[in-house]
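Engineer: kindly generate the corresponding structure for this input.
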Amino acid sequence: MTTTRRDFLKVTALVGGGLTLGVSLPGAVSVAQAAGTLHTPNAWVHIADDNTITLISARSEMGQGVYTSMPMLIAEELGVDIRKIKVEIAPVGEVYTNALLGGQLTGGSTSVRDGWEKLRVAGAQVRTMLVTAAAQKWNVDAATLKAADGKVTGPGGRKATYGELADAASKLPVPKDVVLKDPKDFKIIGKPTKRLDTPRKVNGTAVFGIDVKLPGMVYASLEQCPVIGGKVVSFDASKAKAMPGVIDVVQIRDGVAVVADSYWRAKKAREALTVTWDEGAGAAIDNASMMDGIRNAKDAPTPIKKTGDADAAMKSAAKTMQAEYWSPLLAHATMEPQNFTADYKDGKCLVIGPAQFQQGTQGNVAAAVGLKPEDVTVQTTFLGGGFGRRLEYDFAVQAAQISKAVGKPVKLLWSREDDTTHDFYRPMAFHRMAAGLDAAGKPVALTFQLTSQSVTQRAFGLPKGTLDPFMAEAAVVGYDIPNMTQELIEHDSGLRVGYWRSVSHALNAFANESFIDELAAAAGKDPYQYRLALLDKQPRFANVLKIAASKAGWGKPLAKGRSRGIALMEGYDTYMAQVAEISVKDNEITVHKMWVAADLGRMVNPDTVEAQIESSIAFGLSSVLGSEITLDKGRVQQTNFHDYPVIRMSQMPRIDVTLVKSTEKPGGIGEPATALVGPAVANALFAATGKRVRKIPLSPDNIKSA
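Structural biologist: Next comes the predicted model:
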């Protein structure tokens, strides 16, 4: 889909004269790893006559701070106060493709990495055009002019605001080659900056999906099969229809929806439904069968990387070791339950809500209600948490189908129980690890094999046997081990799975960093010193490891009952080390403090970086200490936070963050810290108890049975 300038202005409601730029960018075409398609990303800037500057954000705001970091990139090159830039979310269009992911979507810690150059280029192009317009207006050499503080100034005290020049500038050709600011001259990028969206979120004017209201809107609550994938055979809605406020009861693909004049009335009437289900093949799934299937999978392994000859080195090693690690199914548990509002009318459909994948939402809604994609308009609100769950569009499709069936605008709202039992879960994962050590305990060989489901196969149709890069994340360690083999087995366990914050980094880092700790123990070495000795060729790894250990006082005496563990990983071009300090009582872990050292290259907003690390640790600790999804007869056993616990404020450790100053390209920061919590805490648990727990979560039951 392409977006014309006129359509763009209509959709975003940016009215009045001014400069709107579609900025073509160098290196814009890249092969989409997941979808296998080509896209050309663009950036958009609007300057109104009143000197208002608006950035059209191609990335969704779900707490990670893109409504501040993206404007900072524009503001730096335009020379304007960041607080004077407004932000609007982009409509659907290929120009908004994320070059690192191959679609218009937000995820994979890519927002800053994708926008780092192209948004600065966009700002520089607009700045150049404004200067050119002023030079032509005043008949002077453009080199004598300066653009800063929202205006162009020149000889003789001449000056004009960007808004006054915008109309003339909009008629000029877009320059292809522009000079970007030298980083030494940055005044905005790299400086801690308060978030632009905070006031709206504090005063209640921020619109999340759950806040959307349309004229004549009604509410829907959807009864779905308790076994994911099951279908309706028949239903009796007579009691539900007789209840107050009920407008209609309709069947859609995923279940039976009760529509009423309020959400509460729709929910209560839904409880009166009687539905007969065909539960399908999913009814045979339970945790035991899934684990057996994964352990005994006969699917052919897909190679990730091979260095040297691990098999030969293993045979001549002085000592060999093997270990197996398990990671469970996990739900996303966003604070805002899934919801979407839809208005199907006159062969068009408007859908409004929290979306991470706008193109997927548009295309799938269109297919579900029998429209062309261009007849579906997607408007994105703030997201009350995403974590990968809102890359899916099932709830948007459901809202559109219900709206079409009842002929009214409909807000569909899931309950917390709906959300927990009908997620696209992080896959269960099984790792087989093996290593060979020489006489001094140094690893000479390492083999890594992951068996799990491929989310990318499910979501994008990746051909079987093709390497899924999102399964291989953090599979290859940075340690100097001469002979290594990493491979994966893509095994479908029959349950729908989805991308979850840090994706496979959390799975693979848990196995790799726990196992390297086991090798250190077998060699009789300190786990920090053991790692450091293997990083002579990896200065960025070694640096963050040293910083984290130093900050944590590694090697110094600990308070009675306290123990520490350490872990290291590269993820999304960010190098990170973590140290966890814990205590254990009655097989229950208390995490007292976490130290984090992160080298993510150049930073746009260090304040947001630190906040993201802290939130990632909170998110990761939930899964490490207790969160787990289990199935029995195809039914998810957990329903709400009482049995799918997330970390409480009283459980939150103190966090000490050190950010490495760097001139390297920006790395992602929204997810890596989540992945390292597991091995850091597990390694601390081993130091405390001598028990190696190879199964997440590190719950009292799993600790007791280790």
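Engineer: where exactly do the helices run in the stretch 101-250 of the chain?
Structural biologist: 111-138, 162-169, 198-203, 238-241 (DSSP state H, counting those that start in this stretch).
Engineer: now the longest one against helix 162-169, angle please.
Structural biologist: Between the axis of helix 111-138 and that of helix 162-169 there is an angle of 80 degrees, by axes from the mean of the first three to the mean of the last three Cα atoms, to 10 degrees.
Engineer: what packs against the strand or helix carrying Ser616?
Structural biologist: Using DSSP states H and E, Ser616 sits within helix 606-625. Judged by 3 or more Cβ pairs under 8 Å, 6 or more residues apart in numbering; DSSP states H and E, the packing partners of helix 606-625 are strand 588-599, strand 654-659, helix 672-689. Placement of C-beta: from N, CA and C, glycine included.
Engineer: mind doing that once more with 6 Å?
Structural biologist: The contact analysis (3 or more Cβ pairs under 6 Å, 6 or more residues apart in numbering; DSSP states H and E) places helix 606-625 against strand 654-659, helix 672-689.
Engineer: chain center to the last one, what's the gap?
Structural biologist: Pointing back at helix 672-689 there. Here the centre of helix 672-689 is set off from its chain's centre by 22 Å, with Cα atoms, centre = their mean, to the nearest Å.
Engineer: enumerate the positions of that helix that are buried.
Structural biologist: Using 16 or more other Cβ atoms under 10 Å as the test for burial, helix 672-689 gives 672-688.
Engineer: just the CA atoms of stretch 679-694, as CSV, please.
Structural biologist: C-alpha atoms of stretch 679-694 as CSV (Å, rounded to 0.1, in the frame of the first residue of the first chain):
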residue,chain,number,x,y,z
PRO,A,679,20.9,-17.1,34.4
ALA,A,680,22.2,-14.4,36.8
VAL,A,681,19.7,-15.5,39.5
ALA,A,682,20.1,-19.2,38.8
ASN,A,683,23.9,-18.9,39.1
ALA,A,684,23.5,-17.1,42.4
LEU,A,685,21.2,-19.9,43.6
PHE,A,686,23.9,-22.4,42.8
ALA,A,687,26.4,-20.3,44.8
ALA,A,688,23.9,-20.2,47.7
THR,A,689,22.9,-23.8,47.8
GLY,A,690,25.2,-25.9,45.6
LYS,A,691,22.0,-27.0,43.7
ARG,A,692,22.0,-26.5,39.9
VAL,A,693,18.4,-25.8,39.0
ARG,A,694,18.1,-26.3,35.2
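Engineer: now do the helix holding Ser616 against helix 672-689, angle only.
Structural biologist: Using the same axes, to 10 degrees: helix 606-625 against helix 672-689 is 50 degrees.
Engineer: and the very next helix or strand once past helix 606-625, what other elements does it pack with?
Structural biologist: As assigned by DSSP H and E, the chain's next helix or strand after helix 606-625 is strand 631-632. Contacts defined by 3+ Cβ pairs under 6 Å, 6+ apart place strand 631-632 against no helix or strand at all.
Engineer: each with direction, which strands does strand 631-632 pair with?
Structural biologist: strand 635-636 (antiparallel) (DSSP bridges).
Engineer: which regions of the chain sit below the pLDDT cut-off?
Structural biologist: Low-confidence segments of the chain (pLDDT under 70): 1-44.
Engineer: tell me, what residue is most central in it?
Structural biologist: Residue closest to the mean C-alpha point of the chain, counted by Cα atoms, centre = their mean, is Gly107 at 3.8 Å.
Engineer: please tell me how far that residue sits from Val503.
Structural biologist: Remark: distance between Gly107 and Val503 (Cβ to Cβ, to the nearest Å) = 9 Å.
Engineer: again, but for Gln529
Structural biologist: According to Cβ to Cβ, Gln529 stands 31 Å off from Val503.
Engineer: neighbour count: the two, which is higher?
Structural biologist: Each of Gln529 and Val503 has its neighbours counted (other Cβ atoms under 10 Å); Val503 has more, 29 against 12.
Engineer: leaving aside the residues next to it on the chain, what's closest to the more buried one?
Structural biologist: Counting by Cβ to Cβ, 6 or more residues apart in numbering, Val503 lies nearest to Phe470, which is 5.1 Å off, once chain neighbours are set aside.
Engineer: repeat that for Thr421.
Structural biologist: Val636 (4.3 Å).
Engineer: shouldn't the one you found be in contact with Asp423?
Structural biologist: No - using Cβ atoms under 6 Å, Val636 is not in contact with Asp423; the gap is 7.9 Å.
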